[in-house]
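[1] Fold the following for me, if possible:
(2 chains)
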Amino acid sequence: DTEVTQTPKHLVMGMTNKKSLKCEQHMGHRAMYWYKQKAKKPPELMFVYSYEKLSINESVPSRFSPECPNSSLLNLHLHALQPEDSALYLCASSQDPGAAAGANVLTFGAGSRLTVL
Amino acid sequence: DAKTTQPNSMESNEEEPVHLPCNHSTISGTDYIHWYRQLPSQGPEYVIHGLTSNVNNRMASLAIAEDRKSSTLILHRATLRDAAVYYCILRTGANNLFFGTGTRLTVIP
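    As a prediction, the model looks like this:
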C-alpha cells in the first residue's frame, strides 16, 4: 500500500460547526503533515507530527486542532472556522523523521476540499 | 528555510525535452534539492531529488550545478500528462517541506 488516503473528499460546513478531516497511511511512515492550499497558490505547511508527537506548528490558529492517535492516522479537527479558511487541505507522510529527514520524500493524499459558509 | 526561484510559467511542445530551471543561491551544504509536481485537482507528487550529483529516475533527470546554486529538472519527452505545476524545494534535516511558487508547465500538442 503506497497511498495516503484522505476523507472526506469534500466538506461544506458552517462557521459554528465542528468537523474533522481524516488522513490514513499504511506505509510505516513515522512523519505526517498537514498542508493548506488556496486556489492557484502553493501548499502551505501547517503541522508536522514526528513519531506521533507534534513537532512543528506553523503558527496556525487554534480553530485548527491536529491529532495523531497512532502512527497510521492523522486528524485535523475544525471548529469555528471562517470563510477564508476555505481551501484544499492536504495530508502527507514521509518515512523517517530522524537525521536523514532531508532525503525523505513526501507522499501526498489527494486532499479534502473544505468550504466554510 | 533557503529559498528557491523558478519561472512562473513555461511551454513545451509534446514529445520534446523540457528543461525546468531553479535557482537556490542560498543553499546550505545539508540541503537536499527536491522536485514535486502537482497535476490539476490532485495532491503534489514526488518527482526526483538529489544532494550533489546528477540523478536519473523513470520520471525525469535532475542536473545539479557544481556549486549547487542552481538545478534543472529535465523531462526527456514531454507528454500532455506532464502538464502541471512543478515545485523546486530545498529540504534540510529538519522535518519540513516548504513550497515555493513553482513553474506552471503547459504542453502543446
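
[2] Output the set of residues of chain A in proximity to chain B.
    Along chain A, the residues adjacent to chain B under the rule CB under 8 Å from any CB of the partner chain are A:4, A:31, A:33, A:42-45, A:48, A:50, A:55-56, A:90, A:92, A:94, A:97, A:99-111. Every C-beta, even on glycine, is put in place using the N, C-alpha and C of the backbone.

[3] repeat that for 6 Å
    Contacts of chain A with chain B, taken as CB under 6 Å from any CB of the partner chain, map to A:31, A:42-43, A:45, A:48, A:50, A:55-56, A:90, A:97, A:101-103, A:105-106, A:108-111.

[4] Would you mind giving me the ChimeraX syntax to select the buried ones in these?
    Restricted to buried positions by 16 or more other CB atoms under 10 Å in any protein chain shown, the ChimeraX selection for these reads:
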select /A:31,42,43,45,48,50,56,90,97,101,102,103,105,106,108,109,110,111
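
[5] Which strand or helix spans the residue lying closest to residue A:46 once chain neighbours are set aside?
    Nearest residue to residue A:46, sequence neighbours excluded (CB to CB, 6 or more residues apart in numbering or on different chains): residue A:34, at 4.4 Å. Assigned by DSSP states H and E, residue A:34 belongs to strand A:31-37.

[6] continuing past that strand, what's the next helix or strand?
    strand A:44-50.

[7] Let's see that next one as PDB, backbone CA atoms only.
    C-alpha atoms of strand A:44-50 as PDB (Å, rounded to 0.1, in the frame of the first residue of the first chain):
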ATOM      1  CA  GLU A  44       1.500  26.000   3.000                       C
ATOM      2  CA  LEU A  45       2.800  23.900   5.800                       C
ATOM      3  CA  MET A  46       0.500  23.800   8.900                       C
ATOM      4  CA  PHE A  47       1.600  21.000  11.200                       C
ATOM      5  CA  VAL A  48       4.200  18.200  11.300                       C
ATOM      6  CA  TYR A  49       3.900  15.100  13.500                       C
ATOM      7  CA  SER A  50       7.100  13.100  14.200                       C
END
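
[8] Please name the residues that touch residue B:91.
    A:102, B:32, B:34, B:97 (CB atoms under 6 Å, 6 or more residues apart in numbering or on different chains).

[9] for the one helix or strand residue B:71 maps to, which positions count as buried?
    In the assignment (DSSP H and E), residue B:71 maps to strand B:70-75. Neighbour-count burial for strand B:70-75 flags B:70-73, B:75 (criterion: 16+ other CB under 10 Å).

[10] Can you give the distance of the following helix or strand past that strand from its chain's centre?
    Going down the chain from strand B:70-75, the next helix or strand is strand B:84-91, by DSSP H and E. Centroid separation for strand B:84-91 versus its chain: 5 Å, with CA atoms, centre = their mean, to the nearest Å.
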